[in-house]
Structure formats: structure tokens, C-alpha cells
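Peer 1: Curious how this folds, go ahead:
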Amino acid sequence: MSKRPTIHDLANAAGVSIATVDRVLNKRSKVRESTSQRVLIAAEDIGYHASGLLKRRVRESKPVKRLSILLQRSNDEFYERLGAAIRKACAQETQFQFETRVIFMDEVTPEYVTEQIIKESKHTDGIAIVALDDHTLNRHIEQLVEKHTPVFTILSPLSTNTCTGHIGVDNRKAGRTAAWAISKLAKTTGKVGILLGSHRYLNQDIAEISFISYFREIKHNFDLLTPLTNLDDDTLAYQATKTLLTKHQNDLTAIYSAGGGVRGIIRALKEAGKSRQITLICNELTSCTRLALSDGTIDMIIATPVQKLAHQLSDLFAESFSHKKYRPLAPVQLSVELHVAENL
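Peer 2: Next up is the predicted model:
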């Protein structure tokens, strides 16, 4: 029967003194975070019997910071997955003990979002948010940042330049990638429909502009139609797609969805019997879009790397809390994930 590791074994494995291990275990005095982490890792490696206590002690020694993450649409699978990933990433933070509260906003008007920010600001140390660009909302964010409350935008930036930072995909590349895909995958030339939630989501606005600019730069016989907005709503997206199919029933060759509401687009295409004829490029891999990709309704999905975004957001919060003086952080632009039927 193997001998149970002792405190001496743990100290040797961690490369510290027995007294240091004792301080970590019993909180007798402060130990550097890096040293505590080294002791904890060594304890888990050698199977030390009190590794659970060590883990608790290390966590208890971290400064506590409360975070409010304001996302959209509680019934949206993408946002549910993003919220869960952010909670998990923040729970793994090594410098701070993050208490993370995720709020899903089913109403996306700037007035409602502003109310939520004001409400959360009363009991939080940091905020991350997905929102439409709006001058009133921006003003309240500016006031928060002036009080040294870090505010990060997720997915879609805001026009105020006082936010602590932004994290999302490179929307210029996303839009140009969608255009490239249509130019290569469309079965015939013809009219191309463009759908987006709102031009006030600056990420979608940038993607749409970049989509159009790609076609300006190449020789082509596609006719890009005036973009239609759907507020990222499935019903409105369904109606917009029906409108495209009715007006351009003989020469609509492709659709690019720069925002949400994809379930409605899929429904309209299938009802019209056009799911295999019209090239569809959309955003985010969900159970619905995965199925539509596998059955040929969707030709390519341009997705946000959710896990990477969540961990980067946690790191940005930790970096902002680590500085005694407030300073804005450079925006983080992530590369998109591309999904086609063959790489599911």
C-alpha cells in the first residue's frame, strides 16, 4: 500500500518551505498568488489529502470582484451558450475571485438597456454589455467609466471612445468572407439579399459595409439588393425573407444574414422550396443552424469563437482591476470560425 503524501512531500514538490505550505493551508499570513498556485498544483499532482482545502484557501485569498454581464434574448441559444461560457471562464480566473451575474435582456431598446446598466452599477465592480449604439446609453457608460467602473462591450462596439475596452470578432473580415463565399458558392449570378438586425449594431453595420465593399472590388454579375432589417427577430426575418422571395422569385440567388433571426430565414426558404437553390451565409453555430448546414439549407456559418471570447473577457477584467489608475485597453478582435457541412 503506497504511503500517503505528507506536508514535507508537498513542500518538496512545490519547491517551497514547510512554513509556506502551512501559511497557505492555515491562512497564517499572506502568500503571493503565484506561490499559492504552485503549492496547489503540486498538491493535486502528488495526490495530497488536503488539496481540496488548499484550493478553497487559494480562492478565499483572492480579491472579490462582482461582474454584471448584460446579454440579450434569454431564449436565444447563442446567448445562453455565451453566458455559460463567461460564467465558467470567470470562475477559473486566478488573480481575482469573480462573482459573475449574467442578465439576459429580452427588451433591447436603448432606454431599457440604460435602465439595466444604472440598476447593475449600484452593486457591481465591472460591466460587460451587448447593446445598440445610442447616445443616451453612451453617456451613462461614460459616467460609469469616469467613476473607474470598467465597462466592456461584447460583440458590437459603441461609438463612445471612453469604454474600458471591446472584444468581438473582426467584423470587416467576417463581411468580406461572406461576400467571398457567395461569389464562389452561388449556383448562378443574380440578386443577393442582405439581412441584418439593425445598423445601430455597429458590428453588423461594419460587416454589411465590408460585404458590399468586397463586391465593389471584384468583377461580378451579382446585383446587391438594399439591406433589410429584422431586429434579429425570427418572425421579422421570416417576413423579410418572404418579401425577397416574392419580389425576386426568379433571380434571387443568395442571402447574407449579418445578424440574427436565422431560424425565420430557414423557415421561409424551406416553405418556398428554395432551400437548395439559394446560397445562404449566416452567423453562429447553434442546434438549428447546424441542422440547416447539414441538410444543405445553409452553405456556410461564420461563428464567434465563444470559449475564446469568454476567457479573453475574463482576462480583460482582471487586467483592468490590476491597475491602480484607470486606463482604456486596446480592443480585442478575434478570428471567426468558419463552418461548412464537411467540417461539422
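Peer 1: from here on, contacts and neighbour counts on C-alpha atoms
Peer 2: Fine.
Peer 1: list the contacts for Ala186?
Peer 2: 253-254, 278-279 (C-alpha atoms under 8 Å, 6 or more residues apart in numbering).
Peer 1: Ala341 versus that one, what's the distance?
Peer 2: Applying C-alpha to C-alpha, to the nearest Å, the value for Ala186 to Ala341 is 16 Å.
Peer 1: Enumerate every residue touching Lys173.
Peer 2: 207, 210.
Peer 1: Just the buried residues of the helix or strand it falls within, please?
Peer 2: Element membership of Lys173 [criterion: DSSP states H and E] is helix 171-185. Under the neighbour-count criterion of 16 or more other C-alpha atoms under 10 Å, helix 171-185 has 171-179, 181-183, 185 buried.
Peer 1: Now do the strands in the stretch 151-300 of the chain.
Peer 2: Remark: strands assigned in the stretch 151-300 of the chain by DSSP state E, counting those that start in this stretch are 151-154, 165-169, 191-196, 223-224, 228-229, 252-257, 279-283, 300-303.
Peer 1: mind listing what the fourth one pairs with, with the direction of each?
Peer 2: The strands that strand 223-224 pairs with in its sheet are strand 191-196 (parallel) (by DSSP bridges).
Peer 1: contacts for the partner strand?
Peer 2: Contacts for strand 191-196 (C-alpha under 8 Å, 6+ apart): 204, 208, 222-232, 237, 240, 244, 248, 251-260.
Peer 1: pLDDT of that strand, averaged?
Peer 2: Averaging pLDDT along strand 191-196 yields 98.
Peer 1: same thing with stretch 23-30?
Peer 2: 70.
Peer 1: how deep is Arg276 tucked in, by neighbour count?
Peer 2: When neighbours are counted by other C-alpha atoms under 10 Å, Arg276 registers 15.
Peer 1: Apart from its chain neighbours, what residue comes closest to Ile118?
Peer 2: His140 (7.8 Å; C-alpha to C-alpha, 6 or more residues apart in numbering).
Peer 1: Number of residues surrounding the one you found?
Peer 2: His140: 15 neighbours (other C-alpha under 10 Å).
Peer 1: Surely it is within a helix?
Peer 2: Yes: remark: His140 belongs to a helix, assigned using DSSP: H, G, I helix; E, B strand; the rest coil.
Peer 1: switch to numbering from 668
Peer 2: Will do, 668 is the new start, and the previous item becomes His807.
Peer 1: gap between it and Gly719?
Peer 2: 43 Å.
Peer 1: Kindly state the beta-bridge partners for Leu891.
Peer 2: Val859.
Peer 1: Am I right that Pro672 sits in a strand?
Peer 2: No: under three-state DSSP, Pro672 sits outside any strand and is assigned coil.
Peer 1: Next, count neighbours for it.
Peer 2: Neighbour number of Pro672 under other C-alpha under 10 Å is 14.
Peer 1: Over to Ser1002?
Peer 2: Counted with other C-alpha under 10 Å, Ser1002 comes out at 16.
Peer 1: residues contacting Ile879?
Peer 2: 843, 846, 891.
Peer 1: could I get those as a markdown table with pLDDT and distance to Ile879?
Peer 2: Shown next, in a markdown table, are these (pLDDT from 0 to 100; distance: C-alpha to C-alpha, whole Å):
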| residue | pLDDT | distance to Ile879 |
| --- | --- | --- |
| Arg843 | 98 | 8 |
| Ala846 | 98 | 8 |
| Leu891 | 98 | 8 |
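Peer 1: any chance of the residues you listed in a markdown table, with distance to Lys755 too?
Peer 2: Output for these, formatted as a markdown table (distance: C-alpha to C-alpha, whole Å):
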| residue | distance to Lys755 |
| --- | --- |
| Arg843 | 32 |
| Ala846 | 35 |
| Leu891 | 42 |
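Peer 1: Return the closest of those with respect to Gly857.
Peer 2: If you rank these by distance to Gly857 using C-alpha to C-alpha, Leu891 comes first, at 8.5 Å.
Peer 1: now the closest one: how far from Ser865?
Peer 2: Distance, Leu891 to Ser865, using C-alpha to C-alpha: 18 Å.
Peer 1: Which one's more surrounded, these two?
Peer 2: Counted by other C-alpha under 10 Å, Leu891 and Ser865 do not tie: Ser865 has more neighbours, with 21 against 17.
Peer 1: Worst mean pLDDT across the helices and strands of the protein, which element?
Peer 2: Using mean pLDDT, DSSP states H and E, the weakest-scoring helix or strand in the chain turns out to be helix 718-727, at a mean of 65.
Peer 1: ok, and what's touching the next helix or strand after that helix?
Peer 2: Next along the chain after helix 718-727, taking DSSP H and E as the criterion, comes strand 731-739. Applying C-alpha under 8 Å, 6+ apart, the set of residues contacting strand 731-739 from outside is 746, 750, 763-775, 787, 790-797.
Peer 1: now strand 731-739, how far from the chain's geometric center?
Peer 2: Chain-centre distance of strand 731-739: 13 Å, with C-alpha atoms, centre = their mean, to the nearest Å.
Peer 1: avg pLDDT for it?
Peer 2: Mean per-residue pLDDT for strand 731-739: 96.
Peer 1: hang on, Leu869 packs against Leu825?
Peer 2: Yes: assessed by C-alpha atoms under 8 Å, Leu869 is found in contact with Leu825 at 6.9 Å.
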